[in-house]
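Chemist: Just the structure for this:
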Amino acid sequence: MTNNLRPGERLDDLQLGGLELIQNPSKFCFGVDAVFLSDFAKVKPGETVLDMGTGNGIIPVLLAGKTKGKHFTGLEIQAETAEMARRSIAHNHLEDRISIVTGDIKEAAERFKPAFFDVITTNPPYMLADHGLRNPDDSKAIARHEVLCTLDDILRESMRLLQDKGRFYMIHRPFRLTEILTKMHEYKIEPKRIQFIHPYIDKEPTMVLVEGMRGAKPRVTIEPPIIMYAKDGTLQQKNGNNSEKQR
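Modeler: Just a heads-up that it's a prediction; the model follows:
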């Protein structure tokens, strides 16, 4: 079953309980960062989760396959991408656990009930809007650059939507870590756990995972680093073999 693939689309095996995802390489393909984030995020049985900027729905689909969360909502501003995500949800028969909402992150707190979610996840644009941006209307540019939302937008809306002691999970670039931690504290989402991802054991980290908790007391734990590749180039991190690094 291909679930009515559109021209240019393909169906990728996620190697997770038979789950598959519709992707279009010319528009958006998830990267290893989405896999790392879904492994890092902790979702307890019965919890509700919001994924901000869900793209093609990869993180809700992975979390639905890995956890016993009650319901996952993906918020995506690009209508065509959101429609693709909905077709993936239907293809995997996950309509009762995952909903895709077309909407703006900047208005998320107006769309959903305040303090409604137990967990918020996000794999946001890493680069500032003016950093090498060529085409602000291109879907890949929107995924990579802060064109339609900023770090402030994400944290402000997360503060409003998370329950007290609700958890926030994000993957980002280490060069913005000081800004991330400062703004999290400003929006009352206290950093609790940090984990760096290195391409090789002797190379600087290229990604960082951050967990925060709304209304928590200051105390942060630095997790052991993730090393993606052995010296011979062998992939050490499980999963993500079929993903395409896009950022």
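Chemist: In terms of secondary structure, what does the lengthiest helix in the chain contact?
Modeler: Looking across the chain with DSSP state H, the single longest helix is helix 79-91. With contacts defined as 3 or more C-beta pairs under 8 Å, 6 or more residues apart in numbering; DSSP states H and E, helix 79-91 has these neighbours: strand 20-23, helix 58-66, strand 71-76, strand 98-102. (Each C-beta comes from the backbone N, C-alpha and C, glycine too.)
Chemist: now for the shortest one, which elements pack on it?
Modeler: Spelled out, it's strand 20-23. Strand 20-23 packs on strand 10-13, helix 79-91, going by 3+ C-beta pairs under 8 Å, 6+ apart.
Chemist: Which helix or which strand is home to residue 159?
Modeler: Assigned by DSSP states H and E, residue 159 belongs to helix 151-161.
Chemist: Repeat that for residue 113.
Modeler: Here residue 113 is assigned to no helix or strand, by DSSP H and E.
Chemist: What count of nearby residues applies to it?
Modeler: Residues near residue 113, counting by other C-beta atoms under 10 Å, number 9.
Chemist: One more: residue 121?
Modeler: Neighbours of residue 121 using other C-beta under 10 Å come to 29.
Chemist: Do me a favour and get the backbone dihedrals for it.
Modeler: Note on residue 121: backbone dihedrals following degrees, to the nearest 10 are phi -120, psi 150.
Chemist: how close does it sit to residue 231?
Modeler: Per C-beta to C-beta, to the nearest Å, residue 121 is found 32 Å from residue 231.
Chemist: Ok, which of the helices and strands packed on helix 79-91 comes nearest residue 178?
Modeler: Relative to residue 178, the nearest member of these by C-beta to C-beta is helix 58-66, separated by 25.2 Å.
Chemist: Just give me how far the closest one sits from the chain centre.
Modeler: Put simply, helix 58-66 sits 10 Å off its chain's centre (C-alpha atoms, centre = their mean, to the nearest Å).
Chemist: Can you show me the CA trace of it as PDB?
Modeler: Taking C-alpha atoms only, helix 58-66 is exported to PDB below (Å, rounded to 0.1, in the frame of the first residue of the first chain):
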ATOM      1  CA  ILE A  58       8.500  12.100  11.700                       C
ATOM      2  CA  ILE A  59       8.900  12.800  15.500                       C
ATOM      3  CA  PRO A  60       5.200  12.000  16.400                       C
ATOM      4  CA  VAL A  61       5.400   8.800  14.300                       C
ATOM      5  CA  LEU A  62       8.700   7.700  16.000                       C
ATOM      6  CA  LEU A  63       7.400   8.500  19.500                       C
ATOM      7  CA  ALA A  64       4.200   6.600  18.800                       C
ATOM      8  CA  GLY A  65       6.300   3.600  17.900                       C
ATOM      9  CA  LYS A  66       8.700   3.900  20.800                       C
END
